[in-house]
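A.B. asks: Generate a structure from the sequence data that follows.
(one chain, ligands or ions: 1)
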Amino acid sequence: MCRHLAHVGPRPVTLASRVTEPPHSLLVQAYAPADMRGGGTVNADGFGVGWYAADGSPHSYRAPVPMWTDASFLDLATTVQSAAFVAAVRSATVGMPVSVGACAPFRDRDRVFSHNGVVRGWPGSLADLAGELDTETLMTLEAPTDSAVLWALVRRHLDAGKDPVDAVLDVVTRALAAAPGSRLNLLLLTADAAGEPTLVATAVDHALSYRSGPDGTTIASEPLDADPDWTAVPDLSAVVVRGVTATPEVLPLT
Ligand code: GLN
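C.D. replies: Next up, the predicted model:
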C-alpha cells in the first residue's frame, strides 16, 4: 500500500525536510517501507506532492515513476518551501493502471487529497456510492481507480460546503460500510478563505503516525525518524489539525 505524509506549520520548510532528507523519509519509504502490513513491498508506481507556496497559491508535481529516479524532483525539493503540503508514493493496487492521473496527491484548486489503501471488491462494492456523482464527474475522473472515486466523493461534499473533516469522515464510514475490510487511510489538506489550513487524516487498517511541536505537525504513514515524540494513530480514528499552530485532535470514527 502506498505511503503518504502531510505537514502544516507556522513557517515554510523545504519539501525535502520531510519528503527526502529524514532517515526514514517518504523517499526511503518508497523503496524500503517498514510497515506495509502485507499490502505490497515497494512504492515504485509513481509519486506526487501538493503544496501551498508563500503567497498561499496551490501547486503540485506528480510523475508515474519511482521517486528515487526523478533527479529533477529530488533537486527541486531542496529549494521549494511550504508551510502546508501533502506528499505520496504509490504502489498500484493489482488491476489499477500506472499513470500520472492515478498518482496521489489529487488536487482541485487548494484541496489536496491522498488515499493509502484499497477498496475491497472494487469496482462493484463502490458502485452505489459512485452513483451519487454526476455523469460529468464520472467521465472526467483522473484515473479508473478506487482512490479517484473516493476523491470525487470528498470533492462533492466540499463543493456543497461541507466541513472538510465531516466530508472525509462521511466518505470513509460509508465506503467502509459498502466495502468491509477496505484499507482507507485518507488525507486531505484544505485552506479556508483566510488561507488557514485544515488537515485531516484517517487510519483504517493501515499505519499512521504524527508528531507535533513548535515546528508544526507532520502526519506520516511511518515515522520519519526515531524521535520518541511520534505517536501512532489508533485504528479506526482520524487526526485533525485546524490551523498552522493547532494541536492535533484524534477522533474515533463512528
Ligand atoms: N488503491 C490505490 C491505487 O491503486 C492506492 C494504492 C495503495 O495505497 N497502495 O492507487
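A.B. asks: can we go C-alpha only for contacts and neighbour counts from here?
C.D. replies: Fine.
A.B. asks: Over the host helix or strand of residue 137, what's the mean pLDDT, rounded is fine.
C.D. replies: According to DSSP states H and E, residue 137 maps onto helix 135-139. Averaging pLDDT along helix 135-139 yields 97.
A.B. asks: Please name the nearest non-neighbouring residue to residue 196.
C.D. replies: residue 243 (5.6 Å; CA to CA, 6 or more residues apart in numbering).
A.B. asks: do residue 229 as well
C.D. replies: residue 211 (6.0 Å).
A.B. asks: quick one: that neighbour and residue 221 touch, right?
C.D. replies: No - applying CA atoms under 8 Å, one finds residue 211 not in contact with residue 221, separated by 11.6 Å.
A.B. asks: Tell me which of those two has more neighbours.
C.D. replies: Set side by side, residue 211 and residue 221 show more neighbours around residue 221, with 27 against 21, by other CA atoms under 10 Å.
A.B. asks: Would you state the helices of the stretch 151-254 of the chain in chain order?
C.D. replies: Along the stretch 151-254 of the chain, counting by DSSP state H, counting those that start in this stretch, helices occupy 164-178.
A.B. asks: Give me the below-cutoff pLDDT ranges for the stretch 1-150 of the chain.
C.D. replies: The model of the stretch 1-150 of the chain has pLDDT under 70 over residues 1, 36, 38-39.
A.B. asks: Spell out which parts of it neighbour the ligand.
C.D. replies: 1-2, 90-93, 96, 102, 115-118, 146-147 (CA under 6 Å from any ligand atom).
A.B. asks: Return the subset of these lying in strands.
C.D. replies: 115, 116, 117, 118 (DSSP state E).
A.B. asks: measure residue 148 to residue 193 for me?
C.D. replies: 26 Å (CA to CA, to the nearest Å).
A.B. asks: Look at these two and report which has more neighbours.
C.D. replies: Legend: neighbour count by other CA under 10 Å for residue 148 and residue 193, higher for residue 148 (22 against 6).
A.B. asks: Could I get the contacting residues of the more buried one?
C.D. replies: Contact analysis of residue 148 by CA atoms under 8 Å, 6 or more residues apart in numbering lists 102, 106, 141, 142.
A.B. asks: hang on, the earlier thing: now that we have the residues of the stretch 1-150 of the chain next to the ligand, which of them are buried?
C.D. replies: Buried members of these, counted by 16 or more other CA atoms under 10 Å: 1-2, 90-93, 102, 115-118, 146-147.
A.B. asks: who are the neighbours in contact with the most centrally placed residue in the chain?
C.D. replies: Geometric centre of the chain, nearest residue: residue 114, 2.9 Å, by CA atoms, centre = their mean. The contact partners of residue 114, taken as CA under 8 Å, 6+ apart, are 4, 86, 88, 104, 105, 106, 147, 151, 186, 187, 188.
A.B. asks: do the same with residue 32
C.D. replies: When contacts are counted by CA under 8 Å, 6+ apart, residue 32 touches 41, 42.
A.B. asks: Next one: it from residue 148, what distance?
C.D. replies: Taking CA to CA as the measure, residue 32 falls 26 Å from residue 148.
A.B. asks: and which of the contacts of residue 148 is nearest to residue 161?
C.D. replies: residue 106 (19.1 Å; CA to CA).
A.B. asks: Might you report the residue contacts of the closest one?
C.D. replies: Each residue near residue 106 by CA under 8 Å, 6+ apart is listed here: 50, 112, 113, 114, 148, 151.
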